[in-house]
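*Asks:* just coords:
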């Protein structure tokens, strides 16, 4: 299994699926990419890590990083190593007591943690694609925008969330 080191080039919105997609770019060739569609909350967490921003209270990925730090467990790398039925699989390799342990994880969670800890991300080279990525909304070509993502707008969104929003109940919006 040959691994290629990648960076998170950008987090964007797939206009066709109206879904966030993380674009990983091969470090060496800079012409190979891996798009990974992720959930809204994971995209926000990844974007916040890219921008080195945090909230007053820790997000789930921040909590996990705090747990790793408290237990003196060091993530060493994230490996995105296969795809099955249109689902990518990854392993976070951690070091504990002088040994390495590979832990199964979703690529989106692994990316969010890797960015927070400065851990390198690798992708199995057979998963990388030569695709044309438009850098039009990213002047330096290195990314860092989530389409219409706005930190203040996200904070307003968080302030408006109520427990019933997580139970599938509709808000009373007068309609």
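*Replies:* Alright, I've got the coordinates. These numbers were taken from a predicted model, which means no experiment stands behind them. Residues are numbered from 1 along each chain as shown.
*Asks:* so which residues of this structure form strands?
*Replies:* Taking DSSP state E to define them, one finds strands in the chain at 3-14, 19-26, 33-37, 74-84, 87-96, 99-105, 121-124.
*Asks:* redo those strands as TSV? Include mean pLDDT.
*Replies:* Below are these laid out as TSV (pLDDT from 0 to 100):
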stretch	mean pLDDT
strand 3-14	93
strand 19-26	93
strand 33-37	92
strand 74-84	95
strand 87-96	94
strand 99-105	95
strand 121-124	96
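*Asks:* switch the ones you listed over to a markdown table; also include mean neighbour count and distance to residue 63.
*Replies:* For glycine as for every other residue, the C-beta is placed from the backbone atoms N, C-alpha and C. Compiled in a markdown table, those are given as follows (neighbours: other C-beta atoms under 10 Å; distance: least, C-beta to C-beta, whole Å):
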| stretch | mean neighbour count | distance to residue 63 |
| --- | --- | --- |
| strand 3-14 | 20 | 21 |
| strand 19-26 | 21 | 21 |
| strand 33-37 | 19 | 22 |
| strand 74-84 | 18 | 14 |
| strand 87-96 | 18 | 15 |
| strand 99-105 | 12 | 15 |
| strand 121-124 | 22 | 21 |
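*Asks:* save the ones you listed as CSV, and put in distance to residue 53 too.
*Replies:* Output for the strands of the chain, formatted as CSV (distance: least, C-beta to C-beta, whole Å):
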stretch, distance to residue 53
strand 3-14, 13
strand 19-26, 17
strand 33-37, 21
strand 74-84, 20
strand 87-96, 22
strand 99-105, 23
strand 121-124, 20
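*Asks:* closest to residue 47 out of the ones you listed?
*Replies:* strand 3-14 (4.9 Å; C-beta to C-beta).
*Asks:* which helices and strands does the closest one pack with?
*Replies:* strand 19-26, strand 33-37, helix 40-50, strand 121-124 (3 or more C-beta pairs under 8 Å, 6 or more residues apart in numbering; DSSP states H and E).
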